[in-house]
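The following block contains a protein sequence and its predicted model.
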Amino acid sequence: MRIFIVSKATWNIPAILVDQTVTDIIASVNDSSAELIVVADGFRVNLPPGATLMGTQEAETLLLNSENACIVHFGILLKGSESFTQYFIDLTTPKHLADGWMANILAQSAHKKIVKQSKVMYRFVDLPAPHLPSYEWSDLALAKSRNANGDAYFMVFASTSEIVGILKEFSIFKKWQQTSMAILFVCSNTKELEKAEQLVKGYKYRNAVFFKTIDQLEIIDFAAAYISVWSKYLPYYTRMMQWSAGMGLPILLNSQTNWPIAYTQSGECFDFTELQGLSNHFKLYYKDEVYKQTRSNYGHAWLNQMMAEVHTIKNGIFAP
């Protein structure tokens, strides 16, 4: 049996999320007689042992010569795979499929067709535990250098409309801190990034503010961060919050955002619009390393508990 896992993003799914999910699936397989083939023309994370990385053209040729095979995919199929069993890993929701109303209608139609063709559809709750790498201090130092000129940084996921308010809180913290902590905003796309950059022109601490699109994001960026701040909700952010917890990164959540209830237990959950609420948390985590470590441990325990309570993809595709 050959299992072709097509690691290609479709709709609004970040490539890093797809590649890491493929890694998580393969790492969760303890014993399988199947031949695992990861189809990718570019793979952004380290593939665990037990699978072969193959380009699209080569994989499609191999598929044509396969009698017993199945396809695991994220919305993009291999040419000639229509007659094989398909497992669809759905990492988005219909209303987040595409930008623009016409593009979204077409995407929803394609989404429905894929769901109908699939033997099983898996969602975020079905994913196995994240298989996250560990890094040497020198690797983390390089990541800090790329992201924030070498400074420690708060990693923030927020909409452009929230950036000014968050920076006001960051200013209060910077006045109190009087050192070099930076802040890194992760934007959904380049258009959002360009808008965000315009907002900080003339900002007093502009040299401590950095931006990155989600397509530029790497797993190590989470490990190198000081804390993670989550105000904006997108379906795939929940998986990235699990990465944060798994790497020991404390989580701050905006209670005014519609998070799944289970995720509000992952860290500190409070109203970001509360005057000095965010800046006081910045101060607390900065001045009290023991508290920061306690919250890191809390998030790690939360993730382990969550993973212990769910059935994962391993119990489906890779079940004996």
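Ah, there it is. Numbers count the residues shown, from 1 in each chain.

What is the lowest-mean-pLDDT helix or strand in the chain packed up against?
Of all helical and strand segments in the chain, the minimum by mean pLDDT, DSSP states H and E falls on helix 101-117, at a mean of 81. Helices and strands touching helix 101-117, by 3 or more C-beta pairs under 8 Å, 6 or more residues apart in numbering; DSSP states H and E, are strand 85-89. Where you see a C-beta, it was placed from the backbone N, CA and C, and this is true even at glycine.

could you check the angle helix 101-117 makes with the strand it packs on?
Calculated by axes from the mean of the first three to the mean of the last three C-alpha atoms, to 10 degrees, strand 85-89 forms an angle of 130 degrees with helix 101-117.

All the helices of the stretch 151-300 of the chain, in order from the start?
Assigned by DSSP state H, counting those that start in this stretch, the helices in the stretch 151-300 of the chain fall at 160-177, 190-199, 219-224, 237-246, 277-287, 289-308.

Of all those helices, which one comes closest to Ala143?
Nearest to Ala143, of all those, is helix 219-224, at 3.7 Å by C-beta to C-beta.

pull the CA atoms of that closest one into CSV?
Once side chains and other backbone atoms are set aside, the C-alpha atoms of helix 219-224 remain, and they are given as CSV (Å, rounded to 0.1, in the frame of the first residue of the first chain):
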residue,chain,number,x,y,z
ILE,A,219,8.7,27.1,13.3
ILE,A,220,11.8,28.5,15.0
ASP,A,221,10.2,32.0,15.1
PHE,A,222,7.9,30.6,17.8
ALA,A,223,10.7,29.1,19.8
ALA,A,224,12.8,32.3,19.6
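
which parts of that helix are buried?
Burial within helix 219-224, assessed by neighbour count using 16 or more other C-beta atoms under 10 Å, is assigned to 219-224.

other SSEs contacting that helix?
With contacts taken as 3+ C-beta pairs under 8 Å, 6+ apart, helix 219-224 sits against helix 137-148, strand 153-157, helix 237-246.

so can I have a markdown table of the helices of the stretch 151-300 of the chain showing distance to Lys212 and mean pLDDT?
Shown next, in a markdown table, are those (distance: least, C-beta to C-beta, whole Å; pLDDT from 0 to 100):
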| stretch | distance to Lys212 | mean pLDDT |
| --- | --- | --- |
| helix 160-177 | 13 | 94 |
| helix 190-199 | 8 | 94 |
| helix 219-224 | 7 | 95 |
| helix 237-246 | 13 | 93 |
| helix 277-287 | 20 | 95 |
| helix 289-308 | 22 | 91 |
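
quick one, which of these is nearest to Trp137?
When the helices of the stretch 151-300 of the chain are ranked by proximity to Trp137, the top entry is helix 219-224, at 10.0 Å, counting by C-beta to C-beta.

what distance separates the closest one from the middle of the whole chain?
For helix 219-224, the separation from the chain centroid amounts to 11 Å (computed by C-alpha atoms, centre = their mean, to the nearest Å).

just stretch 18-29 next, same as before
Stretch 18-29 has its C-alpha centroid displaced from the chain centroid by 13 Å (C-alpha atoms, centre = their mean).

Just the buried residues of it, please?
18-29.

what sits up against that stretch?
5, 7-9, 36, 38, 40, 43-48, 50-51, 72, 74, 89, 91, 127-131, 219, 239, 243, 312-314, 318 (C-beta atoms under 8 Å, 6 or more residues apart in numbering).

Filter the residues you listed down to the ones in helices?
Among the contacts of stretch 18-29, the subset assigned to helices under DSSP state H consists of 219, 239, 243.

Next, the contact list for the first one, please.
Residues counted as contacts of Ile219 (C-beta under 8 Å, 6+ apart) are 16, 20, 45, 132-133, 243.
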